[in-house]
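Novice: Have a look at this prediction, sequence included:
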Amino acid sequence: MRSKEKKTVEIVVFLHVSLNKYGLLGKNLAHSFSKDFFTQLFEEKNLSAEYDLIELDSSKNLTAFLKEKITVYRGLNVTVPYKEQVMPLLDDIDDEALMIGAVNTIKVNESGRTVGYNTDAFGFHQSIKPFLTSHHHRALILGTGGAAKAVAYILEKIGLEVFYISRNPGGTKTFGYGEINKNMIDSCKLIVNCTPVGMYPHVNKTITFPHHYLTNHHLVIDLIYNPEETLFLQKSAEQGSIVLNGKSMLHQQALKSWKLWSM
């Protein structure tokens, strides 16, 4: 009887391990490389695990998903437009994610309790380290969403002064797109696009930006990774600026997410 019980437990444990599920929460996920990235990671580590793309078309459906289906998953990534909306729906939030004001990674423990983290900040920091120089004292961030919050957190942490460009300007450091001028670009040698404009499938769209003021001392980053070079980056490169897309950041933040899920 005792040996039979032991065998049953072993089978249950095996089934639990073999059905490890992870996924990405977002609205439009046709552009995402996350499924391919994690599927390859699982194969390399010889893990029996799945990674789903979970498209939710409203915050109402996001709430319902977290209430009804969260326990199916061991970990989730979160992308546009839910990095801020997901926060009040979680049981706990890591201190750094609270300071940033955005969550892009959720860990689900065995009891179903959810904890939110921000791995975007780590990923961005790792990706820009080789490119920062003595010219980079101030940064201009395009957009004010969840990704912009993580970028600003890192830049301010390493000592850069940050200014924002937004469709809804206001305050001493947030300006409208029509207010971008030569003096602003001259003083901000780091430009970071944190908006989804130009992302697949809308690859022919770009932000209205005076690229002709850029120089070879500028580092221009677009967090978009599909396509690898947006029109925004193409026009920046034409002015001699160093350009960087979001693929390295994606890889770094994804590996950090996996580390959190594996703890």
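Specialist: Yes, it's here.
Novice: going forward, measure contacts between C-alpha atoms and count neighbours the same way
Specialist: Will do.
Novice: and the nearest residue in space to Lys247 that is not next to it in sequence, what does it touch?
Specialist: With CA to CA, 6 or more residues apart in numbering as the criterion, Lys247 has its nearest non-adjacent residue at 5.0 Å, and that residue is Tyr225. Taking CA atoms under 8 Å, 6 or more residues apart in numbering, we find Tyr225 in contact with Met199, Asn245, Gly246, Lys247.
Novice: rerun that using 7 Å as the cut-off
Specialist: With contact taken as CA atoms under 7 Å, 6 or more residues apart in numbering, Tyr225 is in contact with Asn245, Gly246, Lys247.
Novice: ok, so of these, who is nearest Thr195?
Specialist: The closest of the contacts of Tyr225 to Thr195 turns out to be Gly246 (CA to CA; 11.7 Å).
Novice: The closest one contacts Pro227, doesn't it?
Specialist: No. Using CA atoms under 7 Å, Gly246 is not in contact with Pro227; the gap is 9.9 Å.
Novice: mind listing the strands for the stretch 101-250 of the chain?
Specialist: Listed in chain order, the strands of the stretch 101-250 of the chain (DSSP state E, counting those that start in this stretch) span 105-108, 114-117, 138-142, 161-165, 174-175, 190-193, 219-222, 242-244.
Novice: Any chance of TSV for those, columns mean neighbour count?
Specialist: Below are those laid out as TSV (neighbours: other CA atoms under 10 Å):
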stretch	mean neighbour count
strand 105-108	26
strand 114-117	23
strand 138-142	23
strand 161-165	20
strand 174-175	20
strand 190-193	24
strand 219-222	24
strand 242-244	20
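Novice: Next up, phi/psi of the residue nearest to Lys205 when sequence neighbours are not counted, please.
Specialist: Once flanking residues are discounted, Lys205 sits nearest to Gly198: 4.8 Å by CA to CA, 6+ apart. With angles defined as degrees, to the nearest 10, Gly198 sits at phi 100, psi 0.
Novice: Wait, Gly198 touches Leu233, no?
Specialist: No. Using CA under 7 Å, Gly198 is not in contact with Leu233; the gap is 10.0 Å.
Novice: all helices of the stretch 101-250 of the chain, in order?
Specialist: Assigned by DSSP state H, counting those that start in this stretch, the helices in the stretch 101-250 of the chain fall at 120-128, 146-157, 182-187, 231-237, 247-262.
Novice: which helices and strands sit right next to the second one?
Specialist: Under the contact criterion of 3 or more CA pairs under 7 Å, 6 or more residues apart in numbering; DSSP states H and E, the helices and strands touching helix 146-157 comprise helix 95-100, helix 120-128.
Novice: what do you get if the cut-off is 10 Å, keeping everything else the same?
Specialist: Judged by 3 or more CA pairs under 10 Å, 6 or more residues apart in numbering; DSSP states H and E, helix 146-157 is in contact with helix 95-100, helix 120-128, strand 138-142, strand 161-165, strand 190-193.
Novice: And the pLDDT at Phe131?
Specialist: Note for Phe131: predicted pLDDT of 96.
Novice: That one - nearest residue in space that isn't next to it in sequence?
Specialist: Leu219 (7.6 Å).
Novice: what sits against that neighbour?
Specialist: Listed by CA atoms under 10 Å, 6 or more residues apart in numbering, the contact set of Leu219 reads 128, 131-133, 135-136, 139, 188-192, 236-237, 240-244.
Novice: how does it look with 6 Å?
Specialist: With contacts defined as CA atoms under 6 Å, 6 or more residues apart in numbering, the neighbours of Leu219 are Leu190, Ser241, Ile242, Val243.
Novice: So for the chain, the centremost residue is which one?
Specialist: Taking CA atoms, centre = their mean, the centroid of the chain lies closest to Asp120, which sits 4.6 Å from it.
Novice: Can you name the residues that contact it?
Specialist: Contacts for Asp120 (CA under 6 Å, 6+ apart) come out as Gln253.
Novice: May I see the strands of the stretch 101-250 of the chain organised as JSON lines, with mean pLDDT added?
Specialist: Output for the strands of the stretch 101-250 of the chain, formatted as JSON lines (pLDDT from 0 to 100):
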{"stretch": "strand 105-108", "mean pLDDT": "98"}
{"stretch": "strand 114-117", "mean pLDDT": "98"}
{"stretch": "strand 138-142", "mean pLDDT": "98"}
{"stretch": "strand 161-165", "mean pLDDT": "98"}
{"stretch": "strand 174-175", "mean pLDDT": "97"}
{"stretch": "strand 190-193", "mean pLDDT": "98"}
{"stretch": "strand 219-222", "mean pLDDT": "98"}
{"stretch": "strand 242-244", "mean pLDDT": "98"}
